[in-house]
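Got a sequence here, can you model it:
(2 chains)
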Amino acid sequence: MLRSDLCPCGRTHGGFACEAPVSTEAALTEAADATLLRAVLPHAATRRAMLARYGAAAVLGAVASIFPLDHAREAFAQSPGTPEKRDLKIGFIAITCATPIIMAHPMGFYQRHGLNVEVIRTAGWAVIRDRAIAGEFDAAHMLSPMPLAMSMGVGIPAPQPFAVAAIENTNGQAITLANKHREKRDPKDWRGFRFAVPFDYSMHNYLLRAYVAEAGLDPDRDISIRSVPPPEMVANLRADNIDGFLGPDPFNQRAVFDGVGFIHILTKDMWDGHPCCAFAVPRAMIDTQPNTFAALMRSIVEATAYAAKAENRREVAQAISAQNYLNQPATVVEQVLTGTFADGLGQVRRVPDRINFDPFPWQSMAIWMLTQMKRWGQIRGDVDYAGISRQVFLTMEAGRAMRDLGLPVPTETSRPAMILGKRFDPAEPEAYLNSFAIKR
Amino acid sequence: MSLSLRATALSVALFVAFLLAWHIAVLPPPATGPALDPEYAALLGQAAAQGGTTPMPGPVAVGRRLVELLSDPFYVRGSNDRGIGIQIGYSLFRVAIGFGLAMLVAVPLGFLIGMSPLLNAALNPYIQVLRPVSPLAWMPLALYSIKDSAISSIFVIFICALWPMLLNTAFGVMSVRREWLNVARTLEAGTWRTAIRVILPAAAPTIVTGMRISIGIAWLVIVAAEMLVGGTGIGYWVWNQWNNLSIADIIIAILLIGIVGLLLDRGLGWVQARVGWRE
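Numbering: from 1, shown residues only, chains lettered A, B, ... in the order given. As a prediction, the model looks like this:
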């Protein structure tokens, strides 16, 4: 049974179908019960089987007859559970997408929730994936399609169950072209262009492909797309090895800063509110270290909420541009986060939501990624869109952390979106997929 | 003027000429194009604000940065920001461990191979297949199976340092002169005694030559391995400054890597002179 299927109420249902308790007290009671059940029935499968068979109320009743449940609830309400593990390592890639993960370190969000976190800059996405699988990192910054691919065993030898516990950032990417292409602003003119994206399993890859396909170009035949680590994109653009890239910031802005390229389009203008990077954890962590996981979630969600406020952006930019974190000129990071930026064409643009921060991992986002994986032949055959999305995108856990911090929580787990001018209905992924002329 | 004095003078002259050529080559071109809106220009780098692209740093900029880095080489400001001296220390430490382990395996094994024609014939095909493999090709396999990036990079050093030492030891042992072995046999020295008292001293120069080649390769490879894995070390530092496109730092790293490599080689050269012999 999938972890996210099991609500603390003891029944099995997707997402927020359960009337989640609203008061903090009720939430804590619920958390105390869940912890107690874990302690009494440590074997996950047995616990789930019992809950499924008798229901939580009956099981808890039985437990209460031999255990002072009320006292436990009270004790639990005093303080959130002590983290099972305090010293954590979190890997990140030095891009502004990692803002909440990074800023939580210098600005003390991890500390506030009782964690001693070391944030470790990592060389590339494949390395971060392998080190996360090897358990060197307790949690990691990943591209949001990566946990989907890893959980399905795509691109690696065997499936590794990882989960998107929270979305790091929305928007915040761009297509940057070399200065010599100033006149070629219509993607129809891009035949033969060489593009870079950060990784095969990235929103960047899927958005670039969808964008050129909208213009009638086949991304596998009419242009070439290669995976290039983001820091090398600017250097490659300068050396004329590529014509452009759909990459993460600060490297779009860095290309402008160094006079190498210009920002053709922000990804915000392709799909406003699209997810980009994820805060990823091994799915086992939710069961084996529930308190550590909860404390991490609160740190990340709180940092994300702080970064979401426009008035904090300048402060955040200062905190993360240092050599220990992004190692970039502060003005470049500031332009990305404040959205007041030079576009490389002589204009100062003001787009406050050029990058945004919203932790909620909408399952519809995962469904869209799966449609694109299938569209470009990364996965084949029948895809259990809803099942995989529910398994990997932890709406319930993220929602709980948001609720604990008093943030508004969406009542749905999926929502339709307008993507490149076309409506995407997460309930009809196959129909959406079939509506494209260019696909594999 | 003596030859060495003239050689030194020529070296210095070449260096000055190189610096001068470099300085002139990277002088920024005169500003072209229309003046930019000041608000826009303020958001750009210095060169871009004048309508150009950020140039390669000149020798003055690199020199200034070198002084800056060397004036505080051992600071630690968080896990991703440490001084360049500390980074070189990490790299040397990895090389020492990987190289030491390789020595522990290669010298005894090389002895066995050199002394036993049977083992030599049996192991030779494997050695010949594995030897030309680029050490970095082992990296993904190491990461996947060892599941620890620090040990993986040491493993890569180990595997690249292994082959030259192994082959040189075997070769050195094999080419010990027959007469000496015969003399040892006439004097009724046992196998062990012969190995320690006759073969080892005779083969020592060849073995140390193998070590000298190995340490050179290990130092080459550690930089690449650290660029791949990240975390600490001079290779990581290069990669990290590349991340920030700061070319001055990379030039300095190249210089320091070269100097450290030279010192390592000289160190083993000194050992080689100690164990050498002439007939």
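
Phi and psi next, for A:Glu104.
Actually, residue A:104 is Ala. It isn't Glu. Main-chain dihedrals, A:Ala104, degrees, to the nearest 10: phi -60, psi -20.

The most centrally placed residue in chain B is in what secondary structure piece?
Centroid-nearest residue in chain B: B:Trp219, 1.7 Å away (criterion: CA atoms, centre = their mean). In this assignment (DSSP states H and E), B:Trp219 forms part of helix B:200-229.

Could I get the buried residue list for that helix?
By neighbour count with 16 or more other CB atoms under 10 Å in any protein chain shown, helix B:200-229 contains the buried residues B:200, B:202-219, B:221-229. Just so you know, the C-beta spots here come from the backbone N, C-alpha and C atoms, and that holds for glycine as well.

do stretch A:321-337 as well
Going by 16+ other CB under 10 Å, stretch A:321-337 has these buried residues: A:321-322, A:324-329, A:331-337.

Same check on stretch B:187-194?
Neighbour-count burial for stretch B:187-194 flags B:189, B:194 (criterion: 16+ other CB under 10 Å).

now, which of the buried residues of helix B:200-229 lie close to chain A?
Among the buried residues of helix B:200-229, the residues that sit close to chain A (CB under 8 Å from any CB of the partner chain) are B:227-229.

CSV please, covering those residues and showing pLDDT.
Formatted as CSV, these follow (pLDDT from 0 to 100):
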residue, pLDDT
B:Met227, 84
B:Leu228, 79
B:Val229, 76
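
Output the helix or strand harbouring A:Arg390 as CSV, restricted to C-alpha atoms.
Using DSSP H and E, A:Arg390 falls within helix A:385-392. Extracted in CSV, the C-alpha atoms of helix A:385-392 (Å, rounded to 0.1, in the frame of the first residue of the first chain):
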residue,chain,number,x,y,z
TYR,A,385,-0.9,8.8,-13.9
ALA,A,386,-3.0,9.2,-10.8
GLY,A,387,-1.3,6.4,-8.8
ILE,A,388,2.3,7.5,-9.5
SER,A,389,1.5,11.1,-8.9
ARG,A,390,-0.1,10.4,-5.6
GLN,A,391,2.7,8.1,-4.6
VAL,A,392,5.5,10.6,-5.4
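
tell me which residues of that helix are tucked away?
Going by neighbour count (16+ other CB under 10 Å), the buried part of helix A:385-392 is A:385-386, A:388-392.

filter these down to the ones near chain B?
For chain B, no contacts are drawn from the buried residues of helix A:385-392 by CB under 8 Å from any CB.

quick check, nearest of those residues to A:Lys422?
Of all those, A:Lys422 sits closest to A:Tyr385, with 17.4 Å by CB to CB.

how near is A:Gln347 to chain B?
For A:Gln347, the distance to chain B equals 7 Å [CB to the nearest CB, to the nearest Å].

By average pLDDT, which secondary structure element in chain B comes out worst?
Scoring the helices and strands of chain B by mean pLDDT, DSSP states H and E places helix B:46-49 at the bottom, with a mean of 78.

that older thread, out of the buried residues of helix A:385-392, which one sits closest to chain B?
Distance to chain B, by CB to the nearest CB, is smallest for A:Val392 among the buried residues of helix A:385-392, at 22.3 Å.

Help me confirm that that closest one comes into contact with A:Ala163.
Yes. Between A:Val392 and A:Ala163 there is a contact under CB atoms under 8 Å: 5.4 Å.

Low-confidence regions, chain B specifically.
Applying pLDDT under 70 to chain B picks out residues B:29-35, B:230, B:279.

could you redo the last one with a cut-off of 80?
Applying pLDDT under 80 to chain B flags the ranges B:1, B:28-36, B:46-55, B:78-80, B:143-144, B:147-149, B:189, B:228-231, B:243-244, B:277-279.

Spell out which parts of it neighbour chain A.
Neighbours of chain A within chain B, by CB under 8 Å from any CB: B:36-37, B:39-40, B:43-45, B:47-48, B:51-54, B:77-81, B:140, B:143-144, B:147-149, B:227-231, B:236, B:239-245.

all helices of chain B, in order?
B:3-25, B:38-41, B:46-49, B:59-71, B:84-115, B:117-130, B:138-146, B:149-174, B:178-186, B:191-194, B:200-229, B:234-243, B:247-275 (DSSP state H).

Would you mind giving those helices as CSV with distance to A:Phe137 added?
What follows is these, written out as CSV (distance: least, CB to CB, whole Å):
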stretch, distance to A:Phe137
helix B:3-25, 42
helix B:38-41, 40
helix B:46-49, 36
helix B:59-71, 29
helix B:84-115, 19
helix B:117-130, 31
helix B:138-146, 13
helix B:149-174, 10
helix B:178-186, 56
helix B:191-194, 50
helix B:200-229, 13
helix B:234-243, 16
helix B:247-275, 26
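
For A:Met103, which of these is the nearest?
helix B:234-243 (18.3 Å).

Point to the residue nearest the middle of chain A.
Geometric middle of chain A (CA atoms, centre = their mean) lands on A:Ala278, at 2.0 Å.

Wait, a strand at that residue?
Yes. Under DSSP: H, G, I helix; E, B strand; the rest coil, A:Ala278 falls within a strand.

so who does it touch?
Residues in contact with A:Ala278 (CB atoms under 8 Å, 6 or more residues apart in numbering or on different chains) are A:141-144, A:146-147, A:164-168, A:361.

The strand or helix carrying A:Leu433 packs against which elements?
In the assignment (DSSP H and E), A:Leu433 maps to helix A:429-434. Other elements packing on helix A:429-434 under the criterion 3 or more CB pairs under 8 Å, 6 or more residues apart in numbering or on different chains; DSSP states H and E are helix A:363-375.

Can you verify my assumption that A:Gln253 contacts A:Pro329?
No. The criterion here is CB under 8 Å, and A:Gln253 misses it with A:Pro329 at 9.5 Å.

Tell me the helices and strands packed up against the top helix by length along chain A.
In chain A, taking DSSP H as the definition, the longest helix is helix A:290-308. The contact analysis (3+ CB pairs under 8 Å, 6+ apart) places helix A:290-308 against helix A:24-40, helix A:99-103, helix A:109-112, strand A:162-167, strand A:277-282, helix A:284-288, helix A:313-320, helix A:395-404.
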